[in-house]
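S.K.: got a sequence here, can you build the structure:
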Amino acid sequence: MASKSDKKAVDKALDKAKKAAAVAIDQEAGTESGASKVDAKKNDAKKNDAKKSDAKKSDAKKNDAKKSDAKKSDAKKADAKKADASKVDVTKADAEKSQKKADAKKADAKKAQRKADLKAEAVFLKKSLAADKIAADKAAAKAKKELKKERELVAKKLLKAKERAEQLAKADEKRIKKLAKEKRALVEEIAATVELEASKLVKAAAAKPATPETTASKTAAPKAAAQRRQRSKKPTASMPDAPAPSVPIAPRAPAARGAVRGALRPRTGTSAVRASTEPSESWTMVALRTHAGATGVTGYSRLNKAELLAKLRGTDSLE
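M.R.: All right, here's what the predicted structure looks like:
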């Protein structure tokens, strides 16, 4: 079917043909002077009828063309709608497909990320374990070194303690030997004093008149002196040569203290002689320590002369 521009061209051509026909008819009518008016009217009527019929036909054609154009436009619109609908469906399908692909990509990306995270975590744990192992090895090595140092230090301290103990043992040995020597000297001095006192008593008894008691005392005095000399010699003979252990010297019994005091104190009873047997500043340290050991005083080896003298005087005053 023709388009709208074609229809307009046809309509224009028809109008031109009608005008040309009318002009030709007018010319023929002007040239025919003898034609009658009736024929002219009939011709006009026919022309009018022809024009009307042509107009009707052309209107009908126009209407048909309009209808056909409308049908075509409707068909085109319907086709366009169908095409648009199909395009929309295709677009939706493509969009769904693209969405599915995007979702799949996202899922793959998540899986890849999760895998990468797990791998990174495994690497981190491996590194941390390795670092912890290295730190533990270092700590163990450090502890081993410190333990070795402590053992060496303990060994040095034990060696020093052993040397110190040996030194103390030697010092105790020397002190014990010195004390033993001092005791032997004191015993010898006491024995000499007792012997002198005994000789004095013998001389005094000899100067008195003879009685049975004096005679018995004369015979008993030498025997007692000999016994005392033997007793004074016994400690020196029984004194061991080997060093004794470093232990405090045990105090003697009260009877021994009394015997020593009796031997030390003169029998004359004078105050001057009694004062000489009491501890004083004129005594030596050896004499003071011997007297302290005889009287049962403990800890005298750690005291100086003034402290030992004060302690001995206090002990003597108590007794």
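
S.K.: what about the helices in the stretch 51-200 of the chain?
M.R.: Ranges of helices in the stretch 51-200 of the chain, per DSSP state H, counting those that start in this stretch: none exist.

S.K.: where do the strands sit along it?
M.R.: Using DSSP state E, counting those that start in this stretch, the stretch 51-200 of the chain contains no strands.

S.K.: just the pLDDT at L153, thanks.
M.R.: Here the pLDDT value assigned to L153 is 90.

S.K.: what's in contact with stretch 43-59?
M.R.: Here stretch 43-59 makes contact (C-beta atoms under 8 Å, 6 or more residues apart in numbering) with D11, L14, K18, A22, I25, A29. C-betas here are computed from N, CA, C, even on glycine.

S.K.: how about the contacts made by the fifth one?
M.R.: I25 makes contact with N43, K47, according to C-beta under 8 Å, 6+ apart.

S.K.: same thing but 7 Å
M.R.: K47 (C-beta atoms under 7 Å, 6 or more residues apart in numbering).

S.K.: could you say which helix or strand holds it?
M.R.: helix 4-31 (DSSP states H and E).

S.K.: quick check: mean pLDDT of that helix?
M.R.: For helix 4-31, mean pLDDT rounds to 76.

S.K.: where does A45 sit, in terms of helix or strand?
M.R.: helix 37-207.

S.K.: K105 and K157, how far apart?
M.R.: According to C-beta to C-beta, to the nearest Å, K105 stands 75 Å off from K157.

S.K.: A93 now?
M.R.: From A93 over to K157 (counting by C-beta to C-beta), the distance is 93 Å.

S.K.: same deal with E197?
M.R.: Between E197 and K157 the distance is 57 Å, computed by C-beta to C-beta.

S.K.: also K51?
M.R.: 149 Å.

S.K.: neighbours of A83, how many?
M.R.: Look at A83: counted by other C-beta atoms under 10 Å, it has 11 neighbours.

S.K.: typed the wrong thing, it's V202
M.R.: For V202, using other C-beta under 10 Å, the count is 15.

S.K.: what does the model give it for pLDDT?
M.R.: Looking at V202, its pLDDT is 83.

S.K.: same check, this time on G34
M.R.: 53.

S.K.: next one: A60
M.R.: We have a pLDDT of 82 for A60.

S.K.: ok, it - contacts?
M.R.: The neighbourhood of A60, defined by C-beta under 7 Å, 6+ apart, contains no residues.

S.K.: helix, strand or coil for E281?
M.R.: Assigned with DSSP: H, G, I helix; E, B strand; the rest coil, E281 falls in the coil class.

S.K.: next, give phi and psi for it.
M.R.: Backbone torsions for E281, taken as degrees, to the nearest 10, come to phi -70, psi -20.

S.K.: contact partners for it?
M.R.: Taking C-beta under 7 Å, 6+ apart, we find E281 in contact with L309.

S.K.: and for the one 10 residues further on?
M.R.: With contact set as C-beta under 7 Å, 6+ apart, H291 has these partners: P279, L312.

S.K.: the residue nearest to L303 when sequence neighbours are not counted - how many residues pack around it?
M.R.: In this structure, L303 finds its nearest non-sequential neighbour in K311, 6.7 Å apart by C-beta to C-beta, 6 or more residues apart in numbering. Neighbour count for K311, taken as other C-beta under 10 Å: 19.

S.K.: K311 and H291, how far apart?
M.R.: Computed as C-beta to C-beta, the K311 to H291 distance reads 11 Å.

S.K.: just the residues contacting stretch 91-110, thanks.
M.R.: Applying C-beta under 7 Å, 6+ apart, stretch 91-110 turns out to have no external contacts.

S.K.: hang on, the earlier thing: okay, the angle between the helix holding I25 and helix 37-207?
M.R.: Computed by axes from the mean of the first three to the mean of the last three C-alpha atoms, to 10 degrees, the angle separating helix 4-31 from helix 37-207 equals 160 degrees.

S.K.: pLDDT-wise, which helix or strand of this structure ranks last?
M.R.: The weakest-scoring helix or strand in the chain, judged by mean pLDDT, DSSP states H and E, is helix 254-264 (a mean of 43).

S.K.: so where's this protein uncertain?
M.R.: For the chain, the stretches flagged by pLDDT under 70 are 1-3, 28-38, 40, 208-276, 315-319.

S.K.: could you rerun that using 80?
M.R.: Filtered on pLDDT under 80, the chain yields the residue ranges 1-8, 22-43, 45, 83-88, 90, 205-277, 314-319.

S.K.: follow-up on the earlier one: the more surrounded of E197 and K157?
M.R.: Each of E197 and K157 has its neighbours counted (other C-beta under 10 Å); E197 has more, 18 against 11.

S.K.: from N63, how far off is the more buried one?
M.R.: According to C-beta to C-beta, E197 and N63 sit 187 Å apart.
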